[in-house]
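**Student:** Have a look at this fold, sequence not included:
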């Protein structure tokens, strides 16, 4: 039955173009093609009803959990003698929002988002769609199929895992260390807290030696502090642009 559904989706469905694009991207034809279309529907688009059943938020929630589990398992097996601290840091580097946004861009998910949405794309929409895609794959193929896709088509294809081992992406820690070394005091101040897409969003400023150096915002305070710290390090010349690419 599943094979017949895949055949129909690839050759006869009105969404056969999507089925073929998914085959090129994923390496298989989805049986439940609706899930994969839904993965690219953002709630901000005018033509989509504002309900959890008509946007990708539920799939994003599921994909986030599955992705974290698969990455944790992959790292556990890849680094059999590494401690929990190292594994946790590596997982954080892989599943952090900026990394997911970049992965989605490299995979060409922006083209699919543009096709199914009427609103202007933001970088966060890319990462959200990537997680929603993982959720769709999990429902269509199960855990083993999802793990195979993430490991073979994402981790091994798009990520430099060994490069991540030595890459320090804790910009707040780097900033505090630099300030301590140079006898300067660093302060993180929440400039504002507001609602965006029905979620709390934080705007944080970095103040070094009494001078406001940078401002950044995100959906949680820690992420905003990290982004603001990165901007501050760049602004002060401590971090070069190419070091962070």
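**Tutor:** Everything's here; your move. Treat the numbers as computed from the prediction; the structure is a model and nothing was measured.

**Student:** and the helix ranked longest in the chain, what other elements does it pack with?
**Tutor:** Longest helix in the chain, counting residues (DSSP state H): helix 123-149. Applying 3 or more Cβ pairs under 8 Å, 6 or more residues apart in numbering; DSSP states H and E, we find helix 123-149 packed against helix 33-38, helix 57-78, helix 97-106, helix 109-116. No exception for glycine: its C-beta is placed from N, CA and C like everyone else's.

**Student:** Any chance of TSV for those, columns mean pLDDT, mean neighbour count and distance to residue 88?
**Tutor:** Shown next, in TSV, are the helices and strands packed on helix 123-149 (pLDDT from 0 to 100; neighbours: other Cβ atoms under 10 Å; distance: least, Cβ to Cβ, whole Å):
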stretch	mean pLDDT	mean neighbour count	distance to residue 88
helix 33-38	95	20	31
helix 57-78	97	18	9
helix 97-106	93	19	15
helix 109-116	92	17	27
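
**Student:** Nearest to residue 206, out of those?
**Tutor:** Among the helices and strands packed on helix 123-149, helix 97-106 comes nearest to residue 206, with 17.5 Å by Cβ to Cβ.

**Student:** you'd agree residue 42 is up against residue 60?
**Tutor:** No: with contacts defined as Cβ atoms under 8 Å, residue 42 does not count as touching residue 60, sitting 9.8 Å away.

**Student:** intersection of neighbour lists for those two?
**Tutor:** Common neighbours of residue 42 and residue 60, using Cβ atoms under 8 Å, 6 or more residues apart in numbering, are 128, 129.

**Student:** which regions of the protein sit below the pLDDT cut-off?
**Tutor:** Within the chain, the stretches with pLDDT under 70 are 46-53, 197-198, 241-245.

**Student:** what residue is smack in the middle of it?
**Tutor:** residue 100 (2.5 Å; Cα atoms, centre = their mean).

**Student:** I figured it hits residue 133, correct?
**Tutor:** No: between residue 100 and residue 133 there is no contact under Cβ under 8 Å: 10.6 Å.

**Student:** Identify the residue nearest residue 38 in space, chain neighbours excluded?
**Tutor:** Using Cβ to Cβ, 6 or more residues apart in numbering and skipping residues adjacent in sequence, the residue nearest residue 38 is residue 56, 5.9 Å away.

**Student:** make that residue 66, sorry
**Tutor:** Once flanking residues are discounted, residue 66 sits nearest to residue 138: 4.8 Å by Cβ to Cβ, 6+ apart.

**Student:** Let me see the contact set for that neighbour.
**Tutor:** By Cβ under 8 Å, 6+ apart, the neighbours of residue 138 are 62, 63, 66, 146.
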